[in-house]
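**Q** show me the folded form of this:
(one chain, ligands or ions: 1)
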Amino acid sequence: MGTLHFHPMLPETTHDEQSRMDFTSTLIRQLDAVIRPQLRSVYNKAVEPKLRRTMNREPNRHDIAKAMQAVDPNKLWYTLRTDAQDMMYRNAGPMIQRQLPEMIGKAKKWSSKGLGTLTLDPALEIPRYHTAVDIHRKPGGYHTELTEDDVLAGAEFDQSITMYSMGTQGPNNDDPGVSLAVWVKQNFPDLKPKRILDMGCTIGHNLLPFKDVFPGAEVHGIDVAAPCLRYGHARANALGVEVHFSQQDAENTNFPDGYFDVVMSRIMLHEMSGKAVPAMLKECHRILKPGGLMFHSDAPLFDEMDAYQASLRHWDTLYNNEPFMATVYELPLEKMYAEAGFPKASCFRAHVDSELRRKTNYDPAANRAGGKFFLVGARK
Ligand SMILES: C[S@@+](CC[C@H](N)C(=O)[O-])C[C@H]1O[C@@H](n2cnc3c(N)ncnc32)[C@H](O)[C@@H]1O
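**A** Numbers count the residues shown, from 1 in each chain. As a prediction, the model looks like this:
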């Protein structure tokens, strides 16, 4: 389902480069959507009975992950999936690097169109949870710059999410953003937001839909990664959407108190350290207006699933360089929201329906998010 997206900031691909990316995308789809679900029956039939015989308690996600690591089909999956992840970057990286000067020129041209703003802060300290590992095995992570005015990490992110999401996030890879923006409009008709902030916006693909749904609002996106923001600003201009991008740490921004009506993030939480999350929540509380809405959308917390499903994050945590993924999904978020100043009674969870699924009626099993976007929210 779905076709690869197109906008003028995308790098150009040769036939062979595109074929290699298509192969990678198909391989990831097979591994994630077809083969991995079948490993559950290996667990149920061969591993679980043995675990239960040898343990006097319910196996937890750690027990299950450890036992599954010794099982051949799962070992093969780990190896292939890790290689497929590297394959994404092996394909996208050199393809962009060979045309990087042209890409930088294109970004400057589109940015000079003057829609929205781009404010970079070369002195910003990149948090250690980004510099200590190549997150998602992406060489150099989101923030590394190879040259002046670099856009490589942003272009590479755009290509890799296209391969990774396998076309299931819509033509602009923005189904989460579209679905969340529509959900805000439908569920909080009293808000009428004047200012909206997306924390950890990367290239802004899930931020732009907020401008479409709330055309009268001032829409901001922050990220620590300059090459992604440069690319994102150029992409937004190429797509004709007015958005304000700035390089800032979500733990400590320069926005005034009570500036925003909505502060949100999409899949940023699981990349932050255990210390960073409460600092970021306090910052959200500070920059929100009284009555304002905060929500953080990520994969469902572990208390929403069984131990086997939770054990699947073992690969992401240990092999995909996402060291905080598993621990973040165990955080008592509602309690932490209350500690950050949000009234406890205002905290809620939601499973937001995919707009793409509503429009195209695709099979939710084909999408990693299963046709829903989980979030935990609160009102100030
Ligand atoms: C997985 S990407 C999510 C991108 C995008 N929001 C989406 O929906 O796909 C996480 C982004 O969060 C950013 N990020 C992580 N920690 C941050 C922080 N403390 N402040 C600002 N951005 C941060 C990273 O640089 C990265 O671009």
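**Q** what's around residue 343, how many residues?
**A** For residue 343, the count of nearby residues is 11 (other C-beta atoms under 10 Å). All C-beta atoms are positioned from the backbone trio N, CA, C, and that covers glycine.
**Q** tell me the pLDDT at it?
**A** Note on residue 343: pLDDT of 97.
**Q** residue contacts, it?
**A** Applying C-beta atoms under 8 Å, 6 or more residues apart in numbering to residue 343 gives the contacts 378, 379.
**Q** dihedrals phi and psi, it?
**A** Main-chain torsions, residue 343, degrees, to the nearest 10: phi -60, psi 130.
**Q** again, but for residue 86
**A** Phi and psi for residue 86, reported as degrees, to the nearest 10, are phi -60, psi -30.
**Q** pLDDT value on the closest residue to it other than its chain neighbours, please?
**A** With C-beta to C-beta, 6 or more residues apart in numbering as the measure, residue 137 is the residue that lies nearest to residue 86, at 5.9 Å, once sequence neighbours are left out. For residue 137, the model assigns a pLDDT of 93.
**Q** wait, residue 137 touches residue 318, no?
**A** No - Residue 137 is not in contact with residue 318 according to C-beta atoms under 8 Å; the separation is 11.7 Å.
**Q** list the contacts of residue 216.
**A** Counting by C-beta under 8 Å, 6+ apart, residue 216 touches residue 194.
**Q** per-residue pLDDT, it?
**A** As predicted, residue 216 sits at a pLDDT of 97.
**Q** what helix or strand is it on?
**A** Counting by DSSP states H and E, no helix or strand carries residue 216.
**Q** begin at 508, not 1, for the rest of this chat.
**A** New numbering, starting at 508: the last item is residue 723.
**Q** next, give phi and psi for it.
**A** As for residue 723, its main-chain torsions (degrees, to the nearest 10) stand at phi -80, psi -10.
**Q** got the contact list for residue 638?
**A** In this structure, residue 638 makes contact with 648, 650, judged by C-beta under 8 Å, 6+ apart.
**Q** so what pLDDT did it get?
**A** 91.
**Q** any idea how far it lies from residue 624?
**A** From residue 638 across to residue 624, the span is 27 Å (C-beta to C-beta, to the nearest Å).
**Q** before we move on, what about residue 775?
**A** Plainly put, residue 775 is 21 Å away from residue 624 if you go by C-beta to C-beta.
**Q** do residue 843 as well
**A** 32 Å.
**Q** which one of the two has more residues nearby?
**A** residue 843 (16 against 13).
**Q** just the CA trace of stretch 799-811, in CSV.
**A** This file holds the C-alpha atoms of stretch 799-811, laid out as CSV (Å, rounded to 0.1, in the frame of the first residue of the first chain):
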residue,chain,number,x,y,z
GLY,A,799,-3.4,24.2,27.5
LEU,A,800,-3.0,20.7,26.2
MET,A,801,0.2,18.6,26.4
PHE,A,802,0.5,15.1,24.9
HIS,A,803,3.4,12.8,24.0
SER,A,804,2.7,10.1,21.4
ASP,A,805,4.9,7.1,21.3
ALA,A,806,4.5,3.3,21.1
PRO,A,807,2.1,2.0,23.8
LEU,A,808,3.5,1.7,27.3
PHE,A,809,4.2,-1.9,28.5
ASP,A,810,1.2,-1.9,30.8
GLU,A,811,-0.9,-1.9,27.6
